[in-house]
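1. Based on what follows, work out the 3D shape:
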Amino acid sequence: MNALVLQLDGKMMNLAAARILAWHEARGDRVELRHAANVAAVQPRLGDPPWDRVYASLIFERTRPLG
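-> Residues are numbered from 1 along each chain as shown. Presented below is the predicted three-dimensional model:
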């Protein structure tokens, strides 16, 4: 399975994103963490595999438009 975890705000990864990342890695899934500071960073990149799961983590109200 291919999973993408998006960190939408904050400088440090939050606990929820870390646990999702660890869970997928323990299952042997291909998982990628991306810091997405703007809308362009959320868009698919050239060469990305088809993602089976996409998770996004946001804490602050100012990043609500990214979600």
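2. Can you name the element that comes right after the helix or strand bottoming out on mean pLDDT in the chain?
-> Least confident helix or strand of the chain, by mean pLDDT, DSSP states H and E, is helix 39-42 with a mean of 70. From helix 39-42 onward toward the C-terminus, using DSSP states H and E, the following helix or strand is strand 53-57.
3. List of residues touching that next one?
-> Here strand 53-57 makes contact (CB atoms under 8 Å, 6 or more residues apart in numbering) with 1-8, 13-14, 16-17, 20, 24, 36, 42, 66-67. Just so you know, the C-beta spots here come from the backbone N, C-alpha and C atoms, and that holds for glycine as well.
4. Can I get the least confident helix or strand of the chain in CSV, CA atoms only?
-> Provided in CSV are the C-alpha atoms of helix 39-42 (Å, rounded to 0.1, in the frame of the first residue of the first chain):
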residue,chain,number,x,y,z
VAL,A,39,-1.7,24.8,-1.5
ALA,A,40,0.8,24.0,-4.3
ALA,A,41,2.7,21.6,-2.0
VAL,A,42,-0.6,19.6,-1.5
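5. which intervals of this protein have sub-threshold pLDDT?
-> Confidence mapping of the chain against pLDDT under 70 gives the ranges 39, 60-67.
6. Measure how the longest helix along it sits relative to strand 53-57, angle-wise.
-> Ranked by residue count under DSSP state H, the longest helix found in the chain is helix 15-27. Angle, helix 15-27 to strand 53-57, by axes from the mean of the first three to the mean of the last three CA atoms, to 10 degrees: 150 degrees.
7. Noted, bye for now.
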